[in-house]
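Engineer: Predicted model follows, preceded by the sequence.
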Amino acid sequence: MPDVGKFIREQRENARLSLRKLAQAAGVSNPYLSQIERGIRKPSAKVLQGIAKGLRISAEQLYVRAGMLDDREEHDVVAAILADPAITEKQKQALVQVYTTFRDETGRERASKTAERPARRTGGRSALPKPSPGSSPSSRLQPTKEVNA
């Protein structure tokens with residue numbers, strides 16, 4: 001797991017902020033921030049957003065360090081969400097969380113489908129039998145019993 005706590009501590013020290021000041025700016029308690037910095041606690045996206053705000057860095061940097069983001073395409077989407085002035089911080093956090101969850105689920109589904117692919121190939125043709133010549137789809141249907149109302 002990436003060491004987001006160490007990164008936060010380095011950024012806080014570079015910004016010459018005390019633990020207390022950053023905790024206050026981020027809206028968390030001093031002990032909780034200390035535990036994050038020491039790697040004891042794993043912060044949520046909301047907490048990372050608050051810490052990023054207090055450090056005056058992008059939340060994306062913290063999401064990457066926390067392992068919530070991993071590829072450039074995803075960063076572009078998240079950066080666009082975070083940069084949108086038309087939505088609130090809470091809405092941004094919700095969108096980022098939903099987006100990353102969808103990406104993770106899709107990745108797992110694709111990996112699962114790849115592993116489940118059958119070894120037999122049909123050469124691009126349908127594996128279903130062809131209908132006999134002269135038959136139509138409607139002629140293969142069985143008549144149903146008529147009900148008089």
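Structural biologist: Everything's here; your move. Residues are numbered from 1 along each chain as shown.
Engineer: Give me the nearest residue to the residue positioned nearest the centre of the chain, chain neighbours excluded.
Structural biologist: For the chain, the residue nearest the mean C-alpha position is residue 100 (1.0 Å; Cα atoms, centre = their mean). Leaving aside its chain neighbours, residue 100 sits nearest to residue 68 (5.8 Å; criterion: Cβ to Cβ, 6 or more residues apart in numbering). The way it works is simple: take the backbone N, C-alpha and C, and place the C-beta from them, glycine included.
Engineer: surely that neighbour meets residue 103?
Structural biologist: No. With contacts counted by Cβ atoms under 8 Å, residue 68 stays clear of residue 103, the gap being 10.3 Å.
Engineer: who's more crowded, these two?
Structural biologist: residue 68 (21 against 16; other Cβ atoms under 10 Å).
Engineer: now that one, what's its secondary structure?
Structural biologist: Put simply, residue 68 is coil when judged by DSSP: H, G, I helix; E, B strand; the rest coil.
Engineer: rewinding a little: distance of the residue nearest to residue 100 from residue 19?
Structural biologist: 23 Å (Cβ to Cβ, to the nearest Å).
Engineer: One more: residue 37?
Structural biologist: 8 Å.
Engineer: Report the set of residues contacting both of these two.
Structural biologist: residue 12 (Cβ atoms under 8 Å, 6 or more residues apart in numbering).
Engineer: For residue 3, which non-adjacent residue is closest in space?
Structural biologist: Nearest non-adjacent residue to residue 3 (Cβ to Cβ, 6+ apart): residue 39, at 6.2 Å.
Engineer: In contact with that neighbour, which residues?
Structural biologist: Shown in contact with residue 39 (Cβ under 8 Å, 6+ apart): 3, 5, 6.
Engineer: How about residue 50?
Structural biologist: 25, 26, 27, 28.
Engineer: Report the separation between the nearest residue to residue 79 once chain neighbours are set aside and residue 48.
Structural biologist: Among residues not flanking residue 79 along the chain, residue 60 sits closest, at 5.7 Å (Cβ to Cβ, 6+ apart). Per Cβ to Cβ, residue 60 is found 10 Å from residue 48.
Engineer: for residue 35, same thing?
Structural biologist: Taking Cβ to Cβ, one finds residue 35 at 14 Å from residue 48.
Engineer: Thank you kindly, that will do.
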